[in-house]
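Engineer: A structural model of the following input is requested.
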Amino acid sequence: MIKEAVFHRPGNNFAYAYDSETIHIRLRTKKEDMKRVTLIHGDPYIWKKGEWQTEEKPMEKTGSDDLFDYWFTSLQPPYRRLRYSFKLENEKETAVFTEKGFFTEVPLDEIDYHFCFPFLNSADVFKAPEWVKDTIWYQIFPERFGNGDPSLNPEGTLPWGSEEPEQDSFFGGDFQGVIDHLDYLTQLGITGIYFTPIFKAHSNHKYDTTDYMEIDPQFGDKETFRKLVKACHERGIRVMLDAVFNHSGFYFAPFQDVLKRGKNSPYSEWFHLWEDKVNTSPAPNYDAFAFESYMPKLNTENSEVKQYLLDVARYWIEEFDIDGWRLDVANEVDHFFWREFRRTVKEIKPDTYILGEIWHDSMPWLQGDQFDAVMNYPFTNAVIHFFAKRTISLTRFKHQLAHVQHMYPVPVNEVSFNLLGSHDTPRVLTYAEEHKPTAKLMYLFQLSYEGTPCIYYGDEVGMTGGEDPGCRKCMVWEENEQDQELFSFLQTMISLRKTEPAFGSGGSFQFVDYDEELLAYEKRSDEQTLLFFINPSEQSKTAEVSAKKVMESDHYSTVQDDGIIVAPYGYVIIEK
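Structural biologist: Numbers count the residues shown, from 1 in each chain. Prediction:
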């Protein structure tokens with residue numbers, strides 16, 4: 001038994017309140033070291049020296065990564081408090097793992113030998129908006145989705161889709177263009193729109209905000225935006241805006257004043273200035289996003305900056321009833337500000353979705369006092385490298401996702417924002433070298449995985465494009481240029497996610513081992529158990545399994561009485 005690999009710590013992702021009655025417990029052990037793990041638990045006050053009334057509950061191995069196995073159980077202690085330890089068993093040894101270390105049997109000398117969950121307080125339960133679990137997101141880059149009002153076109157606007165976009169291209173996308181195509185999104189099955197920034201800015205991407213309280217005039221005005229939000233809500237579509245609070249744009253009025261007056265400006269403390277006189281070249285002498293002189297970093301520790309940004313967050317919810325904030329470069333803003341941000345937003349509209357853009361381990365932001373979720377880029381990278389680039393094995397793919405799964409508590413995973421492409425990455429079909437069967441498998445996995453999926457505009461009709469700006473082409477609206485078969489496939493999978501209890505948010509996810517190249521996983525809910533088989537290889541794969549019902553499959557895979565044959569780049573979904 002490799003005891004050095006055994007890890008548990010109450011709190012965070014290893015012991016937490018799932019709801020007001022349920023506690024989740026996890027344990028980490030060395031990979032393939034334990035045959036069984038059992039949770040020994042009891043009430044801390046039903047104890048006297050030498051005696052403790054305990055129960056045992058087997059733990060389930062819920063996943064493995066390269067080095068470790070992860071074990072899980074949930075329980076509902078009658079008095080909402082708990083002391084507990086773990087009985088570990090392998091072929092050679094049995095040990096009891098406690099807060100004080102390892103023992104050969106359950107120590108009864110003192111109750112404080114055992115791990116403690118003092119009390120299940122409802123206020124400590126991680127609360128993300130319930131509606132997010134069932135939302136199908138669609139990301140819109142407003143400048144490239146639809147030109148519904150040419151009178152708003154900025155100077156130099158190019159004809160729609162007339163050429164490949166450059167960094168400074170404008171094609172005239174606007175709010176009316178979105179309103180005109182909302183029925184299209186409803187037809188696809190979309191129930192949430194994530195807009196990249198819409199506030200006044202000089203660039204086409206609008207991440208260089210000049211006025212956080214104003215709509216960029218190329219998109220329309222506030223009344224048009226109000227009309228857009230209302231039209232979305234009438235169709236059951238939520239609206240999430242992009243907040244760039246880490247940095248402002250170069251032409252943000254306070255920064256322009258600082259450029260003129262340096263540290264004599266009343267706004268000098270709004271930014272992180274290094275010297276009295278501000279220089280933008282050859283390199284900025286102030287903190288900026290990366291080293292971009294036109295994106296000066298805001299000082300969110302300054303009380304005036306803090307109040308201004310909180311007023312921004314409050315205004316767009318109170319005035320326009322938006323449903324969520326996506327927070328750009330969220331990891332570079334101080335935690336204290338984000339705690340105030342959450343309090344402000346949740347007091348106005350408690351079910352607002354707060355989503356952080358963070359590309360790495362985000363547990364410090366996911367304690368229930370800052371964000372509801374983060375953009376799940378580890379998921380994105382694993383899917384791209386396994387399905388499209390074929391640079392990792394199935395085993396490695398499963399290990400990477402298991403690691404991410406166990407990095408966070410279950411309620412965080414339930415609302416994690418799972419994307420395959422965005423305005424910052426090549427498009428899905430481009431990653432897949434324009435091999436549509438591969439792209440379809442990627443979408444199937446995304447839409448059946450735990451969390452809330454997001455489709456980047458145009459990916460559903462087979463748009464292609466490389467790194468920015470190639471991934472920001474104009475939306476294709478001519479039906480003869482759209483891949484209608486791919487659209488129909490996504491429509492079907494989205495419908496299954498909504499109608500089948502285990503397919504979507506109601507199903508817990510677990511990998512299943514079959515062939516080394518056949519991806520298999522189970523989705524299980526109280527009402528239903530589904531088995532998914534995905535074959536991303538060039539050879540047919542077989543699996544011995546009995547099916548109560550075939551829910552969906554590609555045209556070439558077959559299901560027989562004693563098993564299934566999954567065609568190359570095929571899939572089968574069965575109900576057990």
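Engineer: Just give the nearest non-adjacent residue to the residue sitting nearest the centre point of the chain, would you?
Structural biologist: The centroid of the chain falls nearest to residue 417 when counting by CA atoms, centre = their mean (2.0 Å). Spatial nearest neighbour of residue 417, chain neighbours left out: residue 375 (4.9 Å); criterion: CB to CB, 6 or more residues apart in numbering. In this view, the C-beta of every residue, glycine as well, is placed from N, C-alpha and C.
Engineer: Tell me who's in contact with that neighbour.
Structural biologist: 326, 355-359, 417, 419 (CB atoms under 8 Å, 6 or more residues apart in numbering).
Engineer: Kindly state the pLDDT recorded for it?
Structural biologist: Per-residue pLDDT puts residue 375 at 97.
Engineer: Residue 301 - how many residues pack around it?
Structural biologist: 13 (other CB atoms under 10 Å).
Engineer: can you tell me how far the residue nearest to residue 417 sits from residue 493?
Structural biologist: 21 Å (CB to CB, to the nearest Å).
Engineer: Equivalent analysis for residue 348, please.
Structural biologist: In this view, residue 348 and residue 493 are 35 Å apart by CB to CB.
Engineer: Over to residue 242?
Structural biologist: To residue 493, residue 242 is 26 Å away according to CB to CB.
Engineer: Was I right to think residue 320 contacts residue 226?
Structural biologist: Yes - counting by CB atoms under 8 Å, residue 226 is a contact partner of residue 320 at 5.7 Å.
Engineer: can I see the domain layout of the protein?
Structural biologist: Split into domains by automatic domain parsing, the chain comes to 3-124, 134-245+306-499, 247-297, 508-575.
Engineer: how long is the first one end to end?
Structural biologist: Read that as domain 3-124. The straight-line separation of the ends of domain 3-124 (CA to CA, to the nearest Å) is 31 Å.
Engineer: coming back round to it: residues in contact with the residue nearest to the centre of the chain?
Structural biologist: 137, 355, 373-376, 451-452, 454.
Engineer: and if you look at residue 192?
Structural biologist: Residues in contact with residue 192 (CB under 8 Å, 6+ apart) are 135-138, 237-240, 323-324, 452.
Engineer: As a markdown table, the residues you listed with neighbour count would be great.
Structural biologist: What follows is the contacts of residue 192, written out as a markdown table (neighbours: other CB atoms under 10 Å):
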| residue | neighbour count |
| --- | --- |
| 135 | 26 |
| 136 | 22 |
| 137 | 26 |
| 138 | 23 |
| 237 | 21 |
| 238 | 23 |
| 239 | 21 |
| 240 | 24 |
| 323 | 23 |
| 324 | 28 |
| 452 | 27 |
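Engineer: just the contacts of residue 375 now: which is nearest residue 199?
Structural biologist: Using CB to CB, residue 326 comes nearest to residue 199 of those, at 13.1 Å.
Engineer: partners of the strand or helix carrying the closest one in the sheet?
Structural biologist: Taking DSSP states H and E as the criterion, residue 326 maps to strand 324-327. In the sheet, strand 324-327 lines up against strand 238-243 (parallel), strand 353-356 (parallel) (DSSP bridges).
Engineer: Can you name the next helix or strand after that strand?
Structural biologist: Next element after strand 324-327 (DSSP H and E): helix 335-348.
Engineer: For that next one, name the packing helices and strands.
Structural biologist: Packing contacts for helix 335-348, counted by 3 or more CB pairs under 8 Å, 6 or more residues apart in numbering; DSSP states H and E, involve helix 303-320, strand 353-356.
Engineer: I figured residue 169 hits residue 158, correct?
Structural biologist: Yes - at 6.1 Å, residue 169 and residue 158 qualify as touching, with contact defined as CB under 8 Å.
Engineer: And these two? Which one has more around it.
Structural biologist: Taking other CB under 10 Å, residue 169 and residue 158 do not tie; residue 169 has more neighbours (19 against 15).
Engineer: how close does that one sit to residue 202?
Structural biologist: 14 Å.
Engineer: With residue 253 instead?
Structural biologist: Noted for residue 253: a distance of 13 Å to residue 202, by CB to CB.
Engineer: which residue ranges form the strands in the stretch 351-500 of the chain?
Structural biologist: Using DSSP state E, counting those that start in this stretch, the strands of the stretch 351-500 of the chain run over 353-356, 373-374, 417-419, 452-456.
Engineer: now those strands as CSV including distance to residue 56?
Structural biologist: Output for these, formatted as CSV (distance: least, CB to CB, whole Å):
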stretch, distance to residue 56
strand 353-356, 39
strand 373-374, 35
strand 417-419, 36
strand 452-456, 36
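Engineer: closest one to residue 102 among those strands?
Structural biologist: Evaluated over these, closeness to residue 102 peaks at strand 373-374, with 35.3 Å, by CB to CB.
Engineer: contacting residues around that closest one?
Structural biologist: Taking CB under 8 Å, 6+ apart as the rule, strand 373-374 contacts 128, 132, 330, 353-358, 362, 365-366, 412, 415-417, 451-452.
Engineer: which of the strands paired with strand 324-327 is buried the deepest?
Structural biologist: The highest mean neighbour count among the strands paired with strand 324-327, using mean count of other CB atoms under 10 Å, belongs to strand 353-356: a mean of 26.
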